[in-house]
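Undergrad: need coordinates for the below:
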Amino acid sequence: HRHFQKAQSILTCSSTGTFVPLRFFPADECHPWREETSVNFWDQSVRDAYALDLWERDQFPITILRPTNIIGPDRVPLELWGGRDIEFFKTLKSGQPIVIPPCQNVLLQSGSNSDLADAFVKALDYPEAVRGEMFIISCKRAVTLGHYLQTAMEYLGSASEVQIVSPERLMEIQPAILWRFGLEFLMEHMCFDISKAEKTFGYQPRKTTEDGLRDALHWCQTSGLL
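TA: Residues are numbered from 1 along each chain as shown. Reported below is the predicted structural model:
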């Protein structure tokens, strides 16, 4: 870190995957994260802790932004198999039956990639307020995965029959689906409070989870993936 002694601000992109499993809703930056759990992004937690400890010890000018599930153009959106497999959405578009785990009531809170970019820009305008701090970046509210799926189906004009099976059965049907950082992570509630970023540097997300999903699916269509 001696190489950055002249830097006034250093912003890094982390993830709200460091917080799970959530102990309260909506979770904020005070939620425990400096401990390894069966499902959290522990390697990222270690990096974040090291950076914040450098701030406390040496005034290393770090700011950590922790986005939720990133959604929008230029990337296949999250599907209900725990990854970003375009085949999920191809199945919906074709109207074929789709198999998912029992996740309809699990909460998801996505954040548009354009809103995340805005957060980086806005944070730089308030260096004294953001140094040594971390901020959750997302849309305003969570939705259920059932609603998320319905949004995708409506956008794609899908009449697919949705079949609910156990995670174990789903992994038998689709051997490429993973449990660790796949279905296991998908089944964790994601519901966060973004008020710290709003109050500290004026973060104002313009997109909802539904907006980001539609934007992402539109990009998949126009790019020839879907």
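
Undergrad: show me where this structure has strands.
TA: Applying DSSP state E to the chain gives strands spanning 10-13, 62-67, 69-71, 98-100, 107-108, 110-112, 133-137, 143-144, 162-164.

Undergrad: of the ones you listed, which stretch is the most buried?
TA: A comparison of the strands of the chain by mean neighbour count, using mean count of other CB atoms under 10 Å, puts strand 110-112 on top with a mean of 27. To be clear about C-beta, it is placed using only N, CA and C from the backbone, and glycine gets the same treatment.

Undergrad: where's residue 135 relative to residue 159, distance?
TA: 41 Å (CB to CB, to the nearest Å).

Undergrad: low-confidence stretches in this protein?
TA: 1-5 (pLDDT under 70).

Undergrad: any idea which helix is longest in this structure?
TA: helix 42-58 (DSSP state H).

Undergrad: and it, what does it pack onto?
TA: strand 62-67 (3 or more CB pairs under 8 Å, 6 or more residues apart in numbering; DSSP states H and E).

Undergrad: and residue 174, which of the strands of the chain is closest to it?
TA: strand 98-100 (7.4 Å; CB to CB).

Undergrad: got JSON lines for the strands of the chain, with distance to residue 224 too?
TA: Listed next are those as JSON lines, based on distance: least, CB to CB, whole Å:
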{"stretch": "strand 10-13", "distance to residue 224": "28"}
{"stretch": "strand 62-67", "distance to residue 224": "27"}
{"stretch": "strand 69-71", "distance to residue 224": "19"}
{"stretch": "strand 98-100", "distance to residue 224": "22"}
{"stretch": "strand 107-108", "distance to residue 224": "27"}
{"stretch": "strand 110-112", "distance to residue 224": "22"}
{"stretch": "strand 133-137", "distance to residue 224": "30"}
{"stretch": "strand 143-144", "distance to residue 224": "28"}
{"stretch": "strand 162-164", "distance to residue 224": "26"}
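
Undergrad: out of these, nearest to residue 37?
TA: When these are compared (using CB to CB), the closest one is strand 62-67, at 15.8 Å.

Undergrad: quick one: residues in contact with that closest one.
TA: For strand 62-67, the surrounding residues in contact (CB atoms under 8 Å, 6 or more residues apart in numbering) are 9-16, 18-19, 29, 48, 51-52, 54-55, 111, 116, 119-120, 123, 130-138.

Undergrad: please name the bridge partners of the residue nearest the centre of the chain.
TA: Compute the mean C-alpha point of the chain, and by CA atoms, centre = their mean the closest residue is residue 69, 1.4 Å away. Residues in a beta bridge with residue 69, per DSSP bridges, are residue 110.

Undergrad: quick check: the gap between it and residue 77.
TA: Where residue 77 is concerned, residue 69 sits at a distance of 9 Å (CB to CB).

Undergrad: before we move on, back to that, which ones are touching the residue nearest to the centre of the chain?
TA: Going by CB under 8 Å, 6+ apart, residue 69 touches 78, 108-111, 190.

Undergrad: perfect, that will be all.
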